[in-house]
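1. using only what follows, build the 3D model:
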Amino acid sequence: MRSSPRTFTVLALGLALALPMLAACGSSGSSGGSSVTTVPGASNTVAAKLVLGASPECPTRPYCLIGLENKYGLHFKQVKSLDAGGPLTVAALDNGSIQVGLIFTTDPITKEKGWVMLEDDKRLQPADNITPVINDTTLQAYGSQLSSLVNAVSAKITTESLTELNRQTGIEKKDSDDVAQQWLDTNGFKVVKRAPKSGPTITVGSGNFGEITTLANIYADWLERNGYSVKKKLNIGSREIYLPALKRGDVDLIPDYGGSLLTALDAKNPATTDPNTNAHKLATALEPLKLTALNYTKAQDLNGFDVTKATADKYGLVKLSDLAKPAS
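-> Okay, here's the model as predicted:
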């Protein structure tokens, strides 16, 4: 799962639910610059010779630095605060100012650059399937017809198709909504606009990074094609911002990452590697918030950790546990 900008501490979430909406700061996919943190306890391992570049939130996230330290025993030479798998991290890995970069598993840049994504051989990352979450008020207003339409789209979204969407928006620089409309046409959702539905406008929101924005466009455009009155509120910010908005009803539907969301809601009962288990646990966690998780997709996007081929060859790196080997 992404370190994820999608995984938040219970304290942060509690504050976000209790306080008015805050301006997004240091959220996923963005950073005002980079800073360097020296990590104590580094030893004579491969990791101790390398600089990790990741989001500003990485040091506090169980699936990023905390997990790398606790599960893999990794202590890097330094940790650079960059962005969540975004252009700062890509540029830093490219120019050698970092040697390990947090790059998400559906990001085509790994293949484009010929980098090596290290295998998560100890299974630090849980299942993190794309999961649309809807406000119960909106769900009750439209009933099963609405949820069935959303679930139909979710059933067609795979990890491979998600990576391809990211390639079109990230590498080819195509417009996110154009890519979403084309995906609907290609996957059997090309319908003549149906008669307008009677009911409240559905505001579809998204976090502030490309992949989730394209997914939000897909869901929003599909509902609009089926006659629903739809408003988009994209690039809202991190989960600390958009989850309270969803709870308040400022946003009605938003695609999220099931495992990350579950861990954020209940850090003592975090996500597992089984998506069905996560779905059941998430439904329970969302119920008191008056939110409902609809069917999750086959698509997952997880935290990945990339090195260049030169670094992989130099240290014999294939999997994350290789970083704990003694440095030669």
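2. mind listing the helices for the stretch 1-150 of the chain?
-> Along the stretch 1-150 of the chain, counting by DSSP state H, counting those that start in this stretch, helices occupy 10-18, 65-72, 87-95, 109-113, 136-142, 144-154.
3. out of the ones you listed, which is closest to Lys247?
-> In terms of CB to CB, the element of those nearest to Lys247 is helix 10-18, at 6.7 Å. Where you see a C-beta, it was placed from the backbone N, CA and C, and this is true even at glycine.
4. re earlier: turn the helices of the stretch 1-150 of the chain into CSV, columns for mean neighbour count and mean pLDDT.
-> Shown next, in CSV, are the helices of the stretch 1-150 of the chain (neighbours: other CB atoms under 10 Å; pLDDT from 0 to 100):
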stretch, mean neighbour count, mean pLDDT
helix 10-18, 14, 36
helix 65-72, 19, 96
helix 87-95, 19, 96
helix 109-113, 16, 94
helix 136-142, 16, 96
helix 144-154, 17, 97
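5. would you turn those into CSV with distance to Asn276?
-> What follows is the helices of the stretch 1-150 of the chain, written out as CSV (distance: least, CB to CB, whole Å):
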stretch, distance to Asn276
helix 10-18, 24
helix 65-72, 23
helix 87-95, 32
helix 109-113, 28
helix 136-142, 21
helix 144-154, 15
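6. out of the ones you listed, which is closest to Leu320?
-> The closest of the helices of the stretch 1-150 of the chain to Leu320 is helix 65-72. By CB to CB, the value is 5.5 Å.
7. ok, and what's touching that closest one?
-> Contact with helix 65-72 is made by 3, 52, 54, 58-61, 74-75, 79, 122, 124, 305, 320-321, 323-324, as judged by CB atoms under 8 Å, 6 or more residues apart in numbering.
8. filter those to the buried ones?
-> Among the contacts of helix 65-72, those buried by neighbour count (16 or more other CB atoms under 10 Å) are 3, 52, 54, 58-59, 61, 74-75, 79, 124, 305, 320-321, 323-324.
9. residue ranges in the chain under the pLDDT threshold?
-> Where the chain drops to pLDDT under 70, the residues are 1-42, 192-193.
10. mind doing that once more with 80?
-> 1-43, 191-193, 328 (pLDDT under 80).
11. and it, what are its domains?
-> Following automatic domain parsing, one finds the domains of the chain at 31-125+302-324, 130-293.
12. now the residue nearest to Trp115 when sequence neighbours are not counted: how far from Cys58?
-> Using CB to CB, 6 or more residues apart in numbering and skipping the chain neighbours, the partner closest in space to Trp115 is Asp306 (4.5 Å). Separation of Asp306 from Cys58 (CB to CB, to the nearest Å): 14 Å.
13. for Asn276, same thing?
-> Distance, Asn276 to Cys58, using CB to CB: 28 Å.
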